[in-house]
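1. Make a model of this:
(chains A, B and C)
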Amino acid sequence: MAGELVGARLICDPGSALEVVAVIVEVEAYLGTSDPAAHAAAGRTARNCVLFGPPGYAYVYFIYGNHYCLNVSCMPAGEAGSVLFRALEPVLGAGRMARNRGLDVPPAGKAARLLTSGPGRLCQAFAITRQRDNGKDLVAPGSGLSIMDDGFRVPAIAATPRIGITKAADRPLRYVIAGNRFVSGKR
DNA sequence: TTATAGATTGCCT
DNA sequence: GGCAATCTATAAT
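-> Prediction:
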């Protein structure tokens, strides 16, 4: 299920000087055409066609005129289930993430979460854009952007209602590492 | 063709 | 706590 991605790592440009690594600490599941909150609910369009393809591919979309969000398709071709990445915890390359977000140095202490806490922020930290990353294979190494599950089992994953949506907002499809300070939202 | 809502963030008071 | 920024898809003229 979607919660298995929590605790895995998101890696950009491995092996290069630009390498950036972060642990996935918060995701949300979108169930496809049967989920009124999902982009796929209205059927296949030019924007969301990646969702209907094979699993493991990046679906990047632009929202509110300002922000990108990163999903990964997770259902067989023809079905549109996906997982939205909502927050990461930096492991390597925090300085580069900060620069991608227009900062000279990574924020420290309490403000550290500003780097990757939130779907728009994490995309900016990884310099993810629709043009560059939409449709990328996140499972195959060498694509420049990939998910690596190192097998680490997170001790406590909590399921909560999804955030920022107006339809079907009561379903507990958001998975977070309990107590992790990079999880988005208050506190 | 024009209008409006949206899986957000950051800067304003 | 409120609102502007301004891309994409869909609904309404």
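2. Find the residue closest to the residue sitting nearest the centre point of chain A in space, skipping its chain neighbours.
-> Ranked by distance to the mean C-alpha position of chain A (Cα atoms, centre = their mean), the top residue is A:Phe85 at 1.9 Å. Leaving out its chain neighbours, the residue that sits closest to A:Phe85 by Cβ to Cβ, 6 or more residues apart in numbering is A:Leu70, at 4.8 Å. Backbone N, C-alpha and C define where each C-beta goes, glycine included.
3. And the pLDDT at the one you found?
-> What the model reports as pLDDT for A:Leu70 is 98.
4. show me the contacts for it.
-> Residues in contact with A:Leu70 (Cβ atoms under 8 Å, 6 or more residues apart in numbering) are A:58-60, A:84-85, A:119, A:122-123, A:126, A:128, A:133.
5. Quick check: beta-bridge partners of it?
-> Each beta-bridge partner of A:Leu70 is listed here: A:Val60, as defined by DSSP bridges.
6. how close does it sit to A:Leu103?
-> Note on A:Leu70: its distance to A:Leu103, by Cβ to Cβ, to the nearest Å, is 20 Å.
7. Strands along chain A, start to end?
-> With strands called from DSSP state E, chain A shows them at A:9-12, A:20-30, A:58-63, A:67-73, A:82-92, A:145-148, A:157-160, A:174-177.
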